[in-house]
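Asker: What follows is a predicted protein model with its sequence.
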Amino acid sequence: MATHIEKDAVTGTSTTGHEWDGIKELNTPLPRWWVNVFYATILWAIGYWVVYPAWPLISSHTTGLWGHTNRGAVVDELAALKAKRGANAAALEKASLDDIKKTPALADLAKAIGKASFGDNCVPCHGAGGAGGKGYPNLTDDDWLWGGEAAQIELTLKHGIRWTADKDTRVGDMMGFGKAGILKKDEIEQVVDYVRAMSKLDTKVDPAKGKELYATNCSSCHGEDAKGNKDLGAPSLVDAIWLYGKDRDSMIETVTNGRAGVMPAWAGRLDPVTIKSLAVYVNSLGGGK
C-alpha cells in the first residue's frame, strides 16, 4: 500500500495516500450542502431533547419544556370527544333500550359507540362481522342461547357467561355424561343418534333406542321437543345451528365431555353507556329480535 500523497492527474484532487490494486483513493470533500444538513440535524436533535421528553431517569424521564407526550395527546383527544358527546351520552344513559331504538339520533349514536367498542373488545372471539366460529356464537342469526333481545344481550354483556368473578353471571353447563359416568359409550351414541334423527341430520338411523335415554337425561334442559330453553342457556337441538359442530363425532364429544364456554363480564370494564350501546349495536347485526 502506498503512503505517498499526490494529486490525481485526471481530476486534480489530492489522494489520501491509500492505494488498492492500483486504484488510488481520492480525498474528495463532501458537498457543502450535505455538511450543512448534517449539522442542522444535530441542532434539531438537541432541540428535541430540550422541548420533548427524551432522557430516561431512575424512576421517570425528562418531560421537556413543552411536556408533550403522545399518550397525553390521546387522553386529551378522548376527553374532548367525551365532552363533545356529553349531552348525547347523558341522554343514552337515561334512555331505555326501547327508547334508544325508537329515537333515530340516539340509535345512530349508540350503534356508532357500540361498533367501535365491538371492534376493540368482541372481534377476537366473534369476528369482525359478528359471525363467530366453532365454539363462539354467531351474533347475526336468530339462535341465541340466552335470548337475542337488546335487554337480554345487555344482561349477558354485564355479567358474562360462567364468569366466576361475577356472582350474577349466567351459568348453564352442558355436563359431560361420559366423563361423569352417567352414560356408557353405547348409550351416548344412542342419544346422539336420537338427536340427529329429531333434527333430521341423519334420516337413516333408528332413534327408538335413544328416546328413553334422551327423556331421562336431556329433556329437563333441552325440552321434550328439543327446542331448548333460553332461561337455562340450553340450545335448540332441532335447528341447523350447532355451536360445536353437527357431525356425529362432534356431538358424541359434546355429550361425553360436556361444554362450558366462557364469556367475560364487561360490567366494571366498560361504562354503562358503552355496554348499552353494545347491546343496541349487536342487536342490530341482524340476529335476535
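Answerer: The structure has been received and is ready for your questions. Residues are numbered from 1 along each chain as shown.

Asker: hang on, A128 packs against G119?
Answerer: Yes - counting by Cβ atoms under 8 Å, G119 is a contact partner of A128 at 7.4 Å. Just so you know, the C-beta spots here come from the backbone N, C-alpha and C atoms, and that holds for glycine as well.

Asker: can you give me the strands in the stretch 151-289 of the chain?
Answerer: Assigned by DSSP state E, counting those that start in this stretch, the strands in the stretch 151-289 of the chain number zero.

Asker: Show me the shaky parts of it.
Answerer: Along the stretch 151-289 of the chain, the model assigns pLDDT under 70 to residues 287-289.

Asker: change it to 50
Answerer: Across the stretch 151-289 of the chain, nothing is flagged by pLDDT under 50.

Asker: Could you pull up the contacting residues of K158?
Answerer: Contacts for K158 (Cβ atoms under 8 Å, 6 or more residues apart in numbering) come out as D168, A265, W266, A267, I275.

Asker: what's the spacing between the third one and T216?
Answerer: This points to W266. Distance, W266 to T216, using Cβ to Cβ, to the nearest Å: 38 Å.

Asker: ditto for the last one
Answerer: I275 sits 40 Å away from T216 when distances are taken as Cβ to Cβ.

Asker: Please say which of these two ends up with more neighbours.
Answerer: Per other Cβ atoms under 10 Å, whichever of I275 and T216 has more neighbours is I275, with 19 against 12.

Asker: which residue sits closest to the more buried one, ignoring its sequence neighbours?
Answerer: L157 (5.1 Å; Cβ to Cβ, 6 or more residues apart in numbering).

Asker: Helices of this structure, residue ranges please.
Answerer: 32-51, 70-94, 97-102, 104-121, 123-126, 150-159, 185-198, 208-217, 219-222, 248-257, 272-283 (DSSP state H).

Asker: Please spell out which residues along the last one are buried.
Answerer: Neighbour-count burial for helix 272-283 flags V273, T274, I275, K276, S277, L278, A279, V280, Y281, V282, N283 (criterion: 16 or more other Cβ atoms under 10 Å).

Asker: Columns distance to V75 on top of those residues, output as JSON lines?
Answerer: What follows is these, written out as JSON lines (distance: Cβ to Cβ, whole Å):
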{"residue": "V273", "distance to V75": "19"}
{"residue": "T274", "distance to V75": "17"}
{"residue": "I275", "distance to V75": "22"}
{"residue": "K276", "distance to V75": "24"}
{"residue": "S277", "distance to V75": "21"}
{"residue": "L278", "distance to V75": "23"}
{"residue": "A279", "distance to V75": "27"}
{"residue": "V280", "distance to V75": "27"}
{"residue": "Y281", "distance to V75": "25"}
{"residue": "V282", "distance to V75": "28"}
{"residue": "N283", "distance to V75": "31"}
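
Asker: if we take the residues you listed, which one ends up nearest to G17?
Answerer: Taking Cβ to Cβ as the measure, G17 sits nearest to T274 out of those, at 72.6 Å.
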